[in-house]
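quick one: sequence plus predicted model below, questions after.
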Amino acid sequence: QVQVVESGGGLVQAGGSLRLSCAASGRTFARYTMAWFRQVPGKEREFVAAISLSDRTYYADSVKGRFTISREYAKNTVYLQMNSLKHEDTAVYYCAADLTYLGRGQNYDYWGQGTQVTVSS
C-alpha cells in the first residue's frame with residue numbers, strides 16, 4: 001500500500017510556471033505507476049499525465065509540450081512541471097498511483113487529496 005500527498009499548488013499569472021510534487025510513502029515506490037489528474041467544479045476529473053515504471057511518459061493533448069511529469073526515486077516523489085500556464089489549467093490537481101494500471105482512466109488505486117492551482121488571466 002502507498003499513500004500520496006500533493007503539494008506545490010498556488011496562484012500564478014497566465015504564462016507563468018508551477019511545479020507540483022507528489023510524495024509517496026513506503027519502500028516500494030519504484031513499483032508504482034504514477035499519474036496526475038485534475039478536476040474543475042462541476043466537471044469530471046480528467047487525465048493530465050502519467051509515468052510508467054520505465055519512465056515512459058504520457059500526456060493529455062491539452063498539456064502536451066507545456067507540462068512535464070518526472071519521478072525522483074531517491075525522494076519517492078513525482079513532479080509535474082507546468083509551464084506556459086493558461087487560465088483553463090485552473091483546477092484541483094490530484095496525484096494517483098497503482099501497481100499495475102497505467103492509462104488515462106481513473107483506475108488507479110491510490111489517490112491524494114489534491115492541491116489547488118489557480119491561473120489568473
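Arrived safely, thanks for sending. Numbers count the residues shown, from 1 in each chain.

hey, where'd the strands end up in the protein?
Counting by DSSP state E, one finds strands in the chain at the ranges 4-7, 10-13, 18-24, 33-39, 46-51, 57-59, 67-72, 77-82, 91-98, 110-111, 115-120.

looking at these, which is nearest to Arg104?
With CB to CB as the criterion, Arg104 lies closest to strand 46-51 of the strands of the chain, at 4.1 Å. Backbone N, C-alpha and C define where each C-beta goes, glycine included.

could I get the pLDDT score of Ser52?
Listed pLDDT for Ser52 reads 94.

dump the residue contacts of it.
Each residue near Ser52 by CB atoms under 8 Å, 6 or more residues apart in numbering is listed here: Thr33, Tyr58, Leu102.

likewise Tyr73?
Phe29, Ala30.

how close does it get to Ala24?
Noted for Tyr73: a distance of 10 Å to Ala24, by CB to CB, to the nearest Å.

enumerate every residue touching the closest residue to Val2 other than its chain neighbours.
Nearest residue to Val2 in three dimensions, chain neighbours excluded: Gly26, at 4.7 Å (CB to CB, 6 or more residues apart in numbering). Residues near Gly26 by CB under 8 Å, 6+ apart: Gln1, Val2, Gln3, Asn76.

great, nothing more from me.
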